[in-house]
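Student: just the structure for this:
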Amino acid sequence: MTRMSATARRLLAVLFVIIVAAFIGGSIAMYNKAFTSVSEIDLYTDDVGYALPKHADVKVRGVNIGRVTEVEPDGDRVRVQLAIDPDYTEKLPADVTARLIPKTLFGERFVDIYIPDGGGSGKLADVDSIAQDERGNAVELDRVLDGLLPVLEAVPPHELAATLGALSQALQGNGDRLGVSFEQLGKVFGGINEDLPALESGLQDLATFSQTYTEAVPDLIGALDALRTTSHTVVEKQDALRGSIQSVTTASNDLAGFIDVNKQSVIDVLADSRQTLDYLAQYSPVLECSVLNFQKSLVNSDDILGVGDEHPGIRVTVEVVNPRGRYLPNQDEPRAFDTRGARCYGTPGPGENFPAAPGGALADGAYQPPTRNPGPAVIPDAPDPRSSDAPITQPRQRGSVPDAPGRYVPEQPNRPLPPGVDDRPMGYENSPIEVATVQTIYGAAKGEAPESTPGWVAGLGAPALRGAEVTIR
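Tutor: Residues are numbered from 1 along each chain as shown. All right, here's what the predicted structure looks like:
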């Protein structure tokens, strides 16, 4: 055998290295599926997609059909690129979804392709992307497991094993009862979910209520502090208060005895007065009309009396009207035929005489002679205040009656009162003046302004201070 030359040996060594490198490169390429035809499809998930490792499995019903080639962010989502066998993309429907499921409780995740009920429609090869399965609790379970993993990693393994062993023994044989309990718990939470809007509204109303009372607490504390002074005053004047109560009790007993003895008489008087009061109520609208007529007469009183004339006095023009004639039997007997109600008769103008029979002559049974100034034949009755349909008469405001000309009224009763002044008659007791006085006394006792004491507190303490002498130092 002839010895190989050095050049031949070098060439063989280089060829061997090339063959080994080609073998290794081919193995790596085969591992990376470089010689395998795949269909690339994008899967868009939430932040759970970051848990997928590169080359993670893609399965459908437990069969491996591809792998994960790339995971990268895409805005607020995660884009996962899937390399799937083209044979399966032709068989799978286009409306499939994907779930990210761990192989074990906390193991490596893989992509599980979920085929919808009914088989779906179209072909997966015709679409460019699919979405994450949002049905049920798939996403929530992924988030729970991601949050639980750091906790379990911080727990020592032997303690975790002991805890899981004890939990397994406790649950062994109780699966049915535990399932029933969870089912009932689910119904309870389902009912709570239905009432959540009402509960949320109630909590909002409670917050508003609490805020209102929070703002009112300072005023309430001030009122209670002022009430403390009132309580001390009541304690100091308890003897006088007790005497007042006894006096009121005696007066009440006397009044009760009077009513007990005369109750029937009081009832009879009220019953007998009912018809009279009914007539007064029926004709009460005439009162306003009469007052207005008197007002007009008061305005013209100076002219009537001749004030300022050389010869003052009342001047009257008397006109003689047709007489009724003598009384005739069976003709002029009194009869109550007149049914007119309450009416308001106006006053004549300057130079006019009051009509002889406004609204028609009285139907009293007597002969009515003709007259040249009978007045209007029809005058409507005033609304009956006893009827519920009658209009409500508005009270006349103070100052609406003009001053009488030529007369001096010291108190000017016809002028409007200043704003905030009440013209109703009122005694000193329970009046605003008494309340203001008690507020001043309480404020001086506490070293505060009188307005710091609420009016109702001063009103409660006023009876105890009546008749007492107060010295402010």
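Student: and the top helix by length along the chain, average pLDDT?
Tutor: The helix that spans the most residues within the chain, counting by DSSP state H, is helix 238-282. In this model, helix 238-282 has an average pLDDT of 88.
Student: what does stretch 102-113 give?
Tutor: Taken as a whole, stretch 102-113 has a mean pLDDT of 78.
Student: distance between that stretch and the chain's centre?
Tutor: 53 Å (Cα atoms, centre = their mean, to the nearest Å).
Student: gap between the two ends of that stretch?
Tutor: From the first residue to the last, stretch 102-113 extends over 14 Å; the measure is Cα to Cα, to the nearest Å.
Student: quick check: buried residues in it?
Tutor: Neighbour counts using 16 or more other Cβ atoms under 10 Å place 102, 109-113 of stretch 102-113 among the buried residues. For glycine as for every other residue, the C-beta is placed from the backbone atoms N, C-alpha and C.
Student: try stretch 86-100
Tutor: The neighbour-count criterion (16+ other Cβ under 10 Å) identifies 88-89, 92-93, 95-100 as the buried residues of stretch 86-100.
Student: closest one to residue 216 out of the buried residues of stretch 102-113, please.
Tutor: Within those, the smallest distance to residue 216 is 57.1 Å, found for residue 102 (Cβ to Cβ).
Student: ok, that closest one touching residue 112?
Tutor: No: using Cβ atoms under 8 Å, residue 102 and residue 112 do not qualify as a contacting pair, with a distance of 10.4 Å.
Student: ok, the buried residues of stretch 86-100 vs residue 122, which is closest?
Tutor: residue 93 (5.8 Å).
Student: which SS class is the closest one?
Tutor: The three-state label for residue 93, taken from DSSP: H, G, I helix; E, B strand; the rest coil, comes out as coil.
Student: circling back: elements contacting the longest helix of the chain?
Tutor: With contacts defined as 3 or more Cβ pairs under 8 Å, 6 or more residues apart in numbering; DSSP states H and E, helix 238-282 has these neighbours: helix 455-465.
Student: and the helix it packs on, what's buried?
Tutor: By 16+ other Cβ under 10 Å, the buried positions in helix 455-465 come out as 457-465.
Student: got it, and stretch 353-372?
Tutor: In stretch 353-372, counting by 16+ other Cβ under 10 Å, buried: 355-356, 358-359, 361, 366.
Student: state the pLDDT value of residue 207.
Tutor: Per-residue confidence at residue 207 stands at 90 (pLDDT).
Student: burial count for residue 81?
Tutor: Number of residues near residue 81 (other Cβ atoms under 10 Å) recorded here: 16.
Student: which other helices and strands does the helix or strand hosting it contact?
Tutor: Secondary-structure element containing residue 81, defined by DSSP states H and E: strand 77-84. When contacts are defined as 3+ Cβ pairs under 8 Å, 6+ apart, strand 77-84 sits against strand 39-45, strand 57-60, strand 63-74.
Student: closest to residue 371 out of those?
Tutor: Distances from residue 371 to each of the helices and strands packed on strand 77-84 were compared using Cβ to Cβ; the minimum, 108.2 Å, belongs to strand 39-45.
Student: let me have the buried residues of stretch 353-372 in JSON lines, extended by pLDDT, secondary structure and distance to residue 9.
Tutor: Putting the buried residues of stretch 353-372 into JSON lines (pLDDT from 0 to 100; DSSP: H, G, I helix; E, B strand; the rest coil; distance: Cβ to Cβ, whole Å) gives the following:
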{"residue": "355", "pLDDT": "83", "secondary structure": "coil", "distance to residue 9": "159"}
{"residue": "356", "pLDDT": "79", "secondary structure": "coil", "distance to residue 9": "164"}
{"residue": "358", "pLDDT": "85", "secondary structure": "coil", "distance to residue 9": "156"}
{"residue": "359", "pLDDT": "81", "secondary structure": "coil", "distance to residue 9": "154"}
{"residue": "361", "pLDDT": "79", "secondary structure": "coil", "distance to residue 9": "163"}
{"residue": "366", "pLDDT": "75", "secondary structure": "coil", "distance to residue 9": "170"}
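Student: which one of those sits closest to residue 381?
Tutor: The shortest distance between residue 381 and any of the buried residues of stretch 353-372, using Cβ to Cβ, involves residue 359 and amounts to 9.4 Å.
Student: isn't that closest one up against residue 376?
Tutor: Yes: taking contacts as Cβ under 8 Å, residue 359 lies within contact range of residue 376: 6.6 Å.
Student: tell me who's in contact with the residue found closest to residue 61 once you drop the neighbours it is linked to in the chain.
Tutor: In this structure, residue 61 finds its nearest non-sequential neighbour in residue 115, 7.5 Å apart by Cβ to Cβ, 6 or more residues apart in numbering. Going by Cβ atoms under 8 Å, 6 or more residues apart in numbering, residue 115 touches 60-61, 92-93, 96.
Student: give me the low-pLDDT residue ranges for the protein?
Tutor: Scanning the chain for pLDDT under 70 picks out the ranges 1-4, 32-36, 105-107, 135-147, 149, 318-322, 350, 388-428, 473.
Student: report the residue ranges of every domain in it.
Tutor: With automatic domain parsing as the criterion, the domains of the chain are listed as 6-31, 36-151, 285-320+334-349+358-384.
Student: of the buried residues of stretch 353-372, which is the nearest to residue 29?
Tutor: Out of these, the one with the shortest distance to residue 29 is residue 359. That distance is 125.4 Å, counting by Cβ to Cβ.
Student: show me where this protein has its helices.
Tutor: Going by DSSP H, the chain shows helices at 6-31, 86-89, 138-154, 157-171, 175-194, 196-236, 238-282, 285-299, 301-305, 432-446, 455-465.
Student: CA-only coordinates of the second one in CSV, if you can.
Tutor: By that I understand helix 86-89. These are the backbone C-alpha positions of helix 86-89, laid out as CSV (Å, rounded to 0.1, in the frame of the first residue of the first chain):
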residue,chain,number,x,y,z
PRO,A,86,-51.0,23.0,5.9
ASP,A,87,-52.9,19.7,6.0
TYR,A,88,-54.7,20.8,9.1
THR,A,89,-55.4,24.3,8.0
